[in-house]
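[1] what's the 3D shape of this:
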Amino acid sequence: MNRARATLTVGFFVAAVALACEAQQDSDVEVFSGTMSYHGKSDVVQFTNAVVLKWHGSVLSANSISVNQRTGDSVAEGNVRIQQEDLLWTGDYVQYNFKTRQMIAERFRTGRSPVFAQGHRLKGDTTNQVYDAYSAFVTTDDVADPLVKIRAHHIRIVPEKYIEATHAVLYVGDVPAFYFPYYHRNLGANANNFNFIPGYRSRYGPFLLGDYTWFLNEELDGKIHFDYREKRGVGTGPDLNFHLGRWGDGSFRYYYAHDEDAGTNISGVQLPEDRKRLDLSYQATPFTNLNVKSVVRYQNDSDVVKEFFPGEYRQDPQPDTFVEVNKFWQNFSLDVLAHPQINNFLETVERLPDVRLSGFRQQLAESPFYYESESSAGYYKRLFAGTNSPFPSSTNTSFSAPNQIPPNFSAARADTYHQITLPETFFGWLNVTPRVGGRLTYYSAVDVEGSGTTFRTNSDTYRGVFNTGAEVSFKASGLWPGVRNKVLDLDGVRHIIEPSINYVFVPKPNATPNQLPQFDAELPTLRLQPIEYPEYNSIDSIDSQNVLRFGLDNRLQTKRRGQLEDFLNWQLVTDWRLRPRQGQSTFADIYSDLVVRPRSWMSLQSQTRFDIQTEQWRLSFHTLTLEPNETWSWTIGHFYLRDDPSSSPLSLGEGNNLITTSLFYRLNENWGLRTALHFDARNGRLQEQYYTVYRDMRSWTAALTAGVLDNGTGPKDFTIAFTFSVKARPKFGLGSDSVRPYSLLGQ
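    Numbering: from 1, shown residues only. Here you go, the predicted structure:
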């Protein structure tokens, strides 16, 4: 019944019956079947023999219809049915007075998908469009015997506006499930409604997560949370969403919980009883090519989102705060960014502000040369996380010793980069793009905080960087239209191969990274870092380079279901460092990204990273997905990451060896099962388990989910929860429960 739009169509009966009085004068009336007789002395017009009448788009059918033209009383009896487009009303007996506009209906059904009503008696006034139903129920099931319904002795119905009931009971089948002393449901396009997720979690005890969704108007809607956790207490807070047309959309979310068992975080620091989080976001495009985006995410402790919104924490464990304005032109863009630190338990590079002007690659007049640039300026402050943070702090070798939390530092920086390219094609197939560029960066003297004071180190610094290089590539293809294979679902084959070599030369700059404050530094990544400017944007980590990057793209294509499809896409990348820097090997890892679709319902994805120096796999990630039909689907994956205990800032840290699998099986049209498992192969521990039973209740879906988390420290965390959702307005996005099974646990 979420945001349902139901309309009681008794009014159409009134309009259609009215034709009986004026059938002789109204040219719009059409009599499709039935016999009409007129009794002058009794002022009664009688229609019999399976009457079907049409009037102004409404169709009325009944066994018999009689109208008293003097008193205005009319009666339709036997299989009364009124329809206008998708609006439908049925009953056995209807009385209506054309003068008083009062009506009585016996044993009626009415509604429009997805909301319907049924009762034994209906009284209404068609003038003010208010109807009172007795011994009635409302439901979203469009069947004779609905599974889920709300039953009440009295229900007031105002078409297209609301349904109101007193002493209402929610029934699942014939079993009463919930009692409402007062029940109100908006029937407009946006319906106010309650949602509940009952369950049990070992860390919470029994819990009930509830919210009330409301819609004030097209500009403002929201949600109010009412959560109860037996061991942790009550949590509540509003969510507000505002829609301002060209001036953008935004949201405000606040949540407060008085935690009766807060405990300590991973660092052993006692967490407060009063747990708060605030989330404010705004995005707008008030004018063409002008974008404004703002996010503010505040937490009064490091674990409040992790404890009460674990699903949100999984998606973004380090909330960010910024305000950004972008303006685009045909060849340039201007970006202004303000990035303050709101949560002091997270490491942050404050940018107050950071202004960046980018020049897109563009032709210089009528010459064969192309120009691109990127310039930025701002004041930056690197603020490291406090000791109570669950996240490890980075080190900065310029101002601290390894394994120590470094002091905060700040400086102004201005950087400008310009590059000229000369793209050429030789022999009609060989693409060669030489380039030459340079950048100049200014750093003010660095302010370093330490021992309760702030002091300045070094002096103003200017760094110059020269770069040159060239990219060479070509594309070749072969076509075999006669190749067909039913096993591999092939209908013709085309092979496209694209090898490339990208050479980058950067002589040693006059100031190396260990002599500069690191605001935009290289970060650990599972993929190879870019080597070409401006894609390489770690401004403060720029150092000498003399490297060749080899790339090879392979694609095999075929026709499936009348469309072109890649059944193999394989990309290989590696670097040959002609002059390795300290800590680098001659050859970088070989990175492979492979996607194979042997059938339209089968796909294999593979990402690997092979260390040539040690001849070991640094990374291996494989996923096999089978979706042969709507009855079952299965996904299995393996993720391996080798331990990297080095002290390098680019160290990937502790490795992983994780096996994941997810299986869905539909027992029949009403029941389904899903399981998702995460197995840690390093210690033989089943890290995560999720088991779900689905029940399709026509207009509703329900799910009973159990989950077990075992992080290796402390007791296992067990959760079981029941969720239900209206199909007309699903609570979860398509496929979200398979990607994020924990969402079914209210997380």
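
[2] verify the stated contact: residue 149 with residue 155.
    No: shown here, residue 149 and residue 155 do not form a contact pair, counting by CB atoms under 8 Å, at 11.3 Å. Using the backbone N, CA and C atoms, a C-beta is placed for each residue, glycine as well.

[3] neighbours around the residue lying closest to residue 666 once chain neighbours are set aside, how many?
    Nearest residue to residue 666, sequence neighbours excluded (CB to CB, 6 or more residues apart in numbering): residue 672, at 4.6 Å. Residue 672: 19 surrounding residues under other CB atoms under 10 Å.

[4] residue 672 touches residue 633, doesn't it?
    No: the pair residue 672 and residue 633 does not pass the contact test of CB under 8 Å, sitting 10.8 Å apart.

[5] spit out the residues that contact the two alike.
    Listed contacts common to residue 672 and residue 633 are residue 664; contacts here mean CB atoms under 8 Å, 6 or more residues apart in numbering.

[6] list the contacts of the residue nearest to residue 666.
    Taking CB under 8 Å, 6+ apart as the test, what residue 672 contacts is 664-666, 693-694, 696.

[7] what helix or strand is it on?
    Residue 672 belongs to strand 671-680 when assigned by DSSP states H and E.

[8] after that strand, next one along is what?
    strand 685-697.

[9] run the angle between the following helix or strand past that following strand and strand 685-697 for me.
    As assigned by DSSP H and E, the chain's next helix or strand after strand 685-697 is strand 700-709. In terms of direction (axes from the mean of the first three to the mean of the last three CA atoms, to 10 degrees), strand 700-709 departs from strand 685-697 by 170 degrees.

[10] what about strand 700-709, distance to the chain center?
    With CA atoms, centre = their mean, to the nearest Å as the basis, strand 700-709 stands 20 Å off its chain's centre.

[11] how far is the next helix or strand after it from where the chain is centred?
    Using DSSP H and E, the helix or strand that directly follows strand 700-709 along the chain is strand 717-726. The chain centroid and the centroid of strand 717-726 are separated by 19 Å, computed with CA atoms, centre = their mean.

[12] can you give me the buried ones in strand 717-726?
    By neighbour count on 16 or more other CB atoms under 10 Å, the buried set for strand 717-726 is 717, 719-726.

[13] so is residue 314 in a helix, a strand, or just coil?
    Classification of residue 314 by DSSP: H, G, I helix; E, B strand; the rest coil places it in helix.

[14] give me the neighbour count for it.
    As a burial measure, residue 314 scores 14 neighbours (other CB under 10 Å).

[15] and the one 5 residues further on, by the same measure?
    The local packing of residue 319 (other CB under 10 Å) involves 18 other residues.

[16] go ahead and confirm residue 353 touches residue 325.
    No: between residue 353 and residue 325 there is no contact under CB under 8 Å: 9.8 Å.

[17] mutual contacts of those two, please.
    Going by CB under 8 Å, 6+ apart, residues that sit against residue 353 and also against residue 325 are residue 336.

[18] settle it for me: which of residue 149 and residue 155 has more neighbours?
    residue 155 (25 against 20).

[19] tell me what the more buried one is bridged to.
    Beta-bridge pairing for residue 155 (DSSP bridges): residue 133, residue 165.

[20] and it, what does it touch?
    Contacts of residue 155 by CB under 8 Å, 6+ apart are 117, 119, 132-134, 136-138, 163-165, 168.

[21] dihedrals phi and psi, residue 306?
    Backbone torsions for residue 306, taken as degrees, to the nearest 10, come to phi -60, psi -40.

[22] from residue 179, how far off is the nearest residue to it once chain neighbours are set aside?
    Ranked by CB to CB, 6+ apart and with sequence neighbours excluded, the top spatial neighbour of residue 306 is residue 313, at 4.4 Å. Distance of residue 313 to residue 179, computed by CB to CB, to the nearest Å: 35 Å.

[23] between these two, who's got more neighbours?
    Applying other CB under 10 Å to residue 313 and residue 179 shows that residue 313 carries more neighbours, namely 17 against 10.

[24] give me the pLDDT for that one.
    On the pLDDT scale, residue 313 is placed at 85.

[25] same deal with residue 69?
    Looking at residue 69, the pLDDT reads 67.

[26] swap in residue 275?
    92.

[27] name whatever forms a beta bridge with it.
    Beta-bridge partners, per DSSP bridges, of residue 275: residue 257.

[28] next: residue 550.
    residue 501, residue 574.

[29] residues near it, how many?
    Neighbours of residue 550 using other CB under 10 Å come to 16.

[30] how much space between it and residue 587?
    10 Å.

[31] now do the same contact list for the nearest residue to residue 230 once chain neighbours are set aside.
    Closest residue to residue 230 apart from its sequence neighbours, by CB to CB, 6+ apart: residue 205 at 3.3 Å. By CB under 8 Å, 6+ apart, the contact list for residue 205 reads 229-232.

[32] I figured residue 194 hits residue 211, correct?
    Yes: proximity of residue 194 to residue 211 meets the contact threshold set by CB under 8 Å, at 7.4 Å.

[33] more neighbours: the two, which one.
    When residue 194 and residue 211 are compared for neighbours, residue 211 comes out ahead with 20 against 14, by other CB under 10 Å.

[34] burial of residue 347, as a residue count?
    Neighbours around residue 347, by other CB under 10 Å: 20.

[35] can we start the residue count at 29 from this point?
    Fine by me, first position is 29 from now on; the one you just mentioned is residue 375.

[36] does it really touch residue 409, like I thought?
    No: at 11.6 Å, residue 375 and residue 409 do not qualify as touching, with contact defined as CB under 8 Å.

[37] follow-up on the earlier one: can you list residues touching both of residue 578 and residue 615?
    Joint contacts of residue 578 and residue 615 (CB under 8 Å, 6+ apart) are 602-604.

[38] just among these, which is most surrounded?
    Going by other CB under 10 Å, residue 603 tops those with 24 neighbours.

[39] so what's it closest to, chain neighbours aside?
    residue 616 (3.7 Å).

[40] what's the one you found in contact with, if anything?
    556, 602-605, 640.

[41] pLDDT wise, what is the residue nearest to residue 681 when sequence neighbours are not counted at?
    Nearest in space to residue 681, with sequence neighbours left out and distances taken as CB to CB, 6+ apart, is residue 672 at 6.1 Å. Model confidence at residue 672, given as pLDDT, is 87.

[42] for residue 672, the count of nearby residues, please.
    14.

[43] what's the spacing between it and residue 639?
    Relative to residue 639, and taking CB to CB, residue 672 is found at 10 Å.

[44] could you do residue 561 as well?
    Residue 561 is 27 Å from residue 639, by CB to CB.

[45] the more surrounded of the two?
    residue 561 (24 against 16).

[46] show me what contacts the more buried one?
    445, 447, 465, 467, 495.

[47] check contacts around the residue lying closest to the fourth one once chain neighbours are set aside.
    Nearest non-adjacent residue to residue 467, counting by CB to CB, 6+ apart: residue 445, 3.9 Å away. By CB under 8 Å, 6+ apart, the contact set of residue 445 is 401-403, 465-467, 561-562.
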